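Asker: pasting the sequence and the predicted model now:
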Amino acid sequence: MDFDLARPIYQQIIDDFKKQMIRGELRKGERIPSQREYAEKARINPNTVQRAYREMENMRMVETLRGQGTYVNISEEDLQMLRKEMARALLRNFVLEMRALGFDDEETFIMLQAEQTGGEGDNKK
């Protein structure tokens, strides 16, 4: 995993697990790597992984069973809510970035429509 230095690594770990769950790559009841395994594989500080796992437990995404490991424990309802929250955040960031580039919302919408249909999105020359 390549980490973005602009964001806390523990948050990026959480986001990666969220995406895996949303895509169905990790399902309820599946074991995830131990904190030590993850830290070694990603070459990061074990304390960073510990923080990410603790946060995921607080969010009810995973459950750690003493001596057995950490398992995905997210309900279908929470998973759908998480999916929508992540989508809203991506859309919000996209709109803000488009505005920062000087595009108004209508121009952005037209470009999105054109992208969906395979067009250029800018018929003005």
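Answerer: Sure, I can see it. Residues are numbered from 1 along each chain as shown.

Asker: which pLDDT value goes with Cys1?
Answerer: No, residue 1 isn't Cys; it's Met. In this model, Met1 is scored at 77, pLDDT.

Asker: what's the answer for Ala42, then?
Answerer: On the pLDDT scale, Ala42 gets 95.

Asker: that one and Gln12 touch, don't they?
Answerer: No: counting by C-beta atoms under 8 Å, Gln12 is not a contact partner of Ala42; they are 9.8 Å apart. No exception for glycine: its C-beta is placed from N, CA and C like everyone else's.

Asker: overlap in contacts of the two?
Answerer: Met1 (C-beta atoms under 8 Å, 6 or more residues apart in numbering).

Asker: quick one: low-confidence ranges for this structure?
Answerer: The model of the chain has pLDDT under 70 over residues 119-125.

Asker: mind listing what's buried in the longest helix seen in the chain?
Answerer: Ranked by residue count and defined by DSSP state H, the top helix of the chain is helix 76-100. Buried residues in helix 76-100, counting neighbours by 16 or more other C-beta atoms under 10 Å, are found at Leu79, Leu82, Met98.
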